[in-house]
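J.: Predicted model follows, preceded by the sequence.
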Amino acid sequence: MVITCLLVLFSPLGKIKIGGKEARPRFNKLSWFSIILCTTVAVGILFWGSAEPLFHFLYPPDFENIDHSSAPASAFSMGAVFLHWGVTPYAIYCIPALGVALAIYNANLKFSLSSPLAPMLNDKYRNKITSVLDMICLFALVAGMAASLGAGILSISGGIQDQWPEWSKVFLTPVVTVAIIFTFVLSAASGIDKGIKRLSQINFYFFILFSLLILAIGPTLSIFKFAELGTTNFLANFLPLSLQLGEVRNSHWVQSWSVFNWANWMAWAPITALFLGKIAYGRTVREFILFNWILPALFCLAWMSIFGGSTLFFAENKPAFFKTLLENSGPESIIYQVFNDLDFLNILGPAFIIAMFISYVTAADSSTEAMASLSMKSFSLEKFDSDISLKVVWGLLVGLLAWVMITFAGIDGVKMLSNLGGLPSLWLLMGITISINILMWQPQKYLKK
């Protein structure tokens, strides 16, 4: 998928405008990018931005032959985070989204996840699998969204408990779940041009201000050092870790982290692709690649450098303390300890809880919009927003599943849901990738516009 994104940039397909030469975008570039970024990051970068680098620092994989809590462990940790949150996951989103956009707007095909497979499958076979494929992908996204919502609920509840220890987790979990579900269903019901766009812009500005604030008050020089180490390590290990070469193969670390991450992104990818493809009208394919692949990946790498670098800076000075905290209080507690070490917990803690809340809502409302669109019999530019009652049904279902899994299985339940959702999506994404590779060199054969 990464290679396909690069090829599309320089192929004849890159010049084509989604929707045809006369198509005009519905959103300006800032609004478009805000929606894309907030749809795709969900609560991932907030929940894992500090927790994941610490995991790799304290528990590096056996195949690296490095000591835990050491300088080489820090370098590997940042490289692994760059792998899991950079160009690869955004390629997983970008390819199916591009396939959907070209299928519905340039090939005039049905609003369905089978339509991007047109270059590979003829109409007879494609029409037979349409409903089944859409149904499987809806299941996959419900699992993926529930996994992400579960992580968000754990982190928000952990933050509230950190501020108010007397509050019971048994009470907090359902309250936070209900609040999130109510808000994202309400936002999705208000439509793309109103609720989703406005909330995404608020969330985007919050991301920028929050990351710049941590960069300013945190260990700035160390953050840049960890960013450089991460980039070097990422480039050195990109192929072995991506393709599981040599000693990496069958490693428990790879199964627990890389496979989990790819599964989670793949579970979200098909339905998210419907939404990203839907809002791409009027943009060229090269613009699409830039805004859906390159820019979001760069933003995530910057975010991970700031928050991961800050965490590793403090963890290197007291690894035993952070290990005890991780084991006793869970990954959701790490970011609040970093705020405490920065001496700004009282300000940053509540702000981060609000950011977690808004971030999941902005991702969930766009995915709920896409699920509702897929559940409708038809789609058109004139009727851009989907049915409100369908959004409510899907929102309640996702919330119920997330609450059940984190209540009875915790963070392991989140990982199980990710793997469960990612597996069926894998086959569809492989098919769409093959179709894009067929399409890119002969666009005139498959596209009417």
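T.: Happy to help now that I have it.
J.: counting contacts, what elements does the worst-scoring helix or strand of the chain on mean pLDDT pack onto?
T.: The helix or strand of the chain with the poorest confidence is helix 123-163; it has a mean of 73 (mean pLDDT, DSSP states H and E). Other helices and strands packing on helix 123-163, by 3 or more C-beta pairs under 8 Å, 6 or more residues apart in numbering; DSSP states H and E, are helix 44-58, helix 169-189, helix 260-278, helix 334-341, helix 345-374, helix 388-439. All C-beta atoms are positioned from the backbone trio N, CA, C, and that covers glycine.
J.: Ala75 is nearest to which of the ones you listed?
T.: helix 44-58 (9.7 Å; C-beta to C-beta).
J.: Can you check what angle separates that closest one from helix 123-163?
T.: 70 degrees (axes from the mean of the first three to the mean of the last three C-alpha atoms, to 10 degrees).
J.: CSV for the helices and strands packed on helix 123-163, including mean pLDDT, mean neighbour count and distance to Glu64?
T.: Shown next, in CSV, are the helices and strands packed on helix 123-163 (pLDDT from 0 to 100; neighbours: other C-beta atoms under 10 Å; distance: least, C-beta to C-beta, whole Å):
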stretch, mean pLDDT, mean neighbour count, distance to Glu64
helix 44-58, 89, 24, 10
helix 169-189, 76, 19, 35
helix 260-278, 84, 27, 18
helix 334-341, 91, 23, 22
helix 345-374, 78, 23, 31
helix 388-439, 79, 20, 22
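J.: what's the angle between the least confident helix or strand of the chain and helix 334-341?
T.: Using the same axes, to 10 degrees: helix 123-163 against helix 334-341 is 40 degrees.
J.: re earlier: can you put the helices and strands packed on helix 123-163 in CSV and add distance to Phe321?
T.: Formatted as CSV, the helices and strands packed on helix 123-163 follow (distance: least, C-beta to C-beta, whole Å):
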stretch, distance to Phe321
helix 44-58, 11
helix 169-189, 22
helix 260-278, 26
helix 334-341, 8
helix 345-374, 16
helix 388-439, 21
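J.: Which one, of these, ends up nearest to Ile95?
T.: The nearest among the helices and strands packed on helix 123-163, by C-beta to C-beta, is helix 388-439 at 5.5 Å.
J.: Show me what that closest one is packed against.
T.: helix 2-10, helix 87-105, helix 123-163, helix 169-189, helix 260-278, helix 345-374.
J.: The shortest one: what's the following helix or strand?
T.: Under the assignment DSSP states H and E, the closest C-terminal helix or strand after helix 2-10 is helix 29-41.
J.: now the fifth one
T.: Scanning forward in sequence from helix 260-278, with DSSP H and E defining helices and strands, the next element found is helix 285-289.
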